[in-house]
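here is the input, now give the coordinates:
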Amino acid sequence: MATERAEDVRTEAKPPNDKFVRPTGSWGTESAFSDAEFSERVANYHWRFDADAYENVYVVGDVHGCLSELRTLWDRLDPTHDEMVVFVGDLIRKGPASTGVVEFVDDQPNAVSVRGNNEAKVLNGSVDPEAFEPAVESIESMPLVVSWGDSMAVHGGVDTRRDLSDQTPTDLLESRAIPPENGYDGPFWFEQYDGPGRIFFGHTVVESPFISDGAIGLDTGLVYGGELTAYDCKAETLVSVSAERTYQKRPAEKFLSF
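Below is the predicted model of the structure:
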């Protein structure tokens, strides 16, 4: 498991505008997370928006640099200024247009992405940051958590052996199996998580979206020839577009089916 690297970011992830706040203490009395409190290391990278200020929220899975498919999905969603679009991270790497994807998301007035483990690799130097200019500044500003109402989005997930207050940046970026060393053999955190609230996540590639009362997984393997998937929170439905081609190969055992 990688070492914790959120600290490699030189500044806190400050909300870009007044649509988002960085909660301190509890997250609000009207939320399933009313008693939740992250550690300071995570709280500095947590943005929250008022769900009541928007008619709908869409949550989108891992894009991995596939700009053409993202544009197709965006056109299909056709979000208005009264709707928010939340990405679960890994906008970049593996596909052909990483910086284009980051710029596209930045250009949308009501879109936000959490940081994924691939964004973290750029920030901690595991991959060459120069290859992702001019998007590095945007990548550096991404939060680890975006929350609204009774929901939150992270990239990897949580370690279900510990309370939310004890989650580390690495937990949120990379959680998959419990214990972590089990990899794609499971059991998986999202099979065990039963609240508070509901967590949207990516990172773990699934043949079709994982949906339970406590968690929704949306990485449907776009860059591996699968699909890019969005969850419509108001309609409680899925919207997907197929990959235009297979950009990278992936072993079949690393596509989970539930």
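
how about the strands in the protein?
Per DSSP state E, the chain carries strands over the ranges 20-21, 46-49, 56-60, 83-87, 111-113, 145-148, 151-153, 198-201, 210-211, 215-217, 227-232, 237-242.

now stretch 116-134: mean pLDDT?
When pLDDT is averaged over stretch 116-134, the result is 93.

please list the residues outside stretch 231-243 that contact it.
55-59, 66, 69, 72-73, 76-77, 151, 200, 209, 216, 218, 220-230 (C-beta atoms under 8 Å, 6 or more residues apart in numbering). For the C-beta atoms, the positions are set from N, CA and C on the backbone; glycine is no exception.

quick check: buried residues in stretch 162-177?
For stretch 162-177, burial by neighbour count (16 or more other C-beta atoms under 10 Å) applies to 164, 167-177.

can you tell me which of those is closest to Val127?
Closest approach between the buried residues of stretch 162-177 and Val127, by C-beta to C-beta: Leu173, at 14.7 Å.

so that closest one is in contact with Val114, correct?
No: using C-beta atoms under 8 Å as the test, Leu173 is too far from Val114 to be in contact (9.1 Å).

okay, and the common contacts of those two?
Common contacts of Leu173 and Val114 (C-beta under 8 Å, 6+ apart): 89, 144, 154-155.

farthest-apart pair in these, please.
Gly89 and Leu144 (8.9 Å).

joint contacts of those two?
By C-beta under 8 Å, 6+ apart, Gly89 and Leu144 have these common neighbours: 114-115, 154-155, 173.

of the contacts of stretch 231-243, just the buried ones, PyMOL syntax please.
The buried subset of the contacts of stretch 231-243, as determined by 16+ other C-beta under 10 Å, is captured in PyMOL by this line:
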select buried, resi 56+57+58+59+66+69+73+77+151+200+209+216+218+220+221+222+223+224+226+227+228+229+230
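
now the strands of the chain as JSON lines including mean pLDDT and distance to Phe190?
Output for the strands of the chain, formatted as JSON lines (pLDDT from 0 to 100; distance: least, C-beta to C-beta, whole Å):
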{"stretch": "strand 20-21", "mean pLDDT": "82", "distance to Phe190": "25"}
{"stretch": "strand 46-49", "mean pLDDT": "94", "distance to Phe190": "20"}
{"stretch": "strand 56-60", "mean pLDDT": "99", "distance to Phe190": "14"}
{"stretch": "strand 83-87", "mean pLDDT": "98", "distance to Phe190": "17"}
{"stretch": "strand 111-113", "mean pLDDT": "98", "distance to Phe190": "20"}
{"stretch": "strand 145-148", "mean pLDDT": "96", "distance to Phe190": "16"}
{"stretch": "strand 151-153", "mean pLDDT": "97", "distance to Phe190": "13"}
{"stretch": "strand 198-201", "mean pLDDT": "98", "distance to Phe190": "7"}
{"stretch": "strand 210-211", "mean pLDDT": "98", "distance to Phe190": "6"}
{"stretch": "strand 215-217", "mean pLDDT": "99", "distance to Phe190": "4"}
{"stretch": "strand 227-232", "mean pLDDT": "99", "distance to Phe190": "14"}
{"stretch": "strand 237-242", "mean pLDDT": "99", "distance to Phe190": "16"}
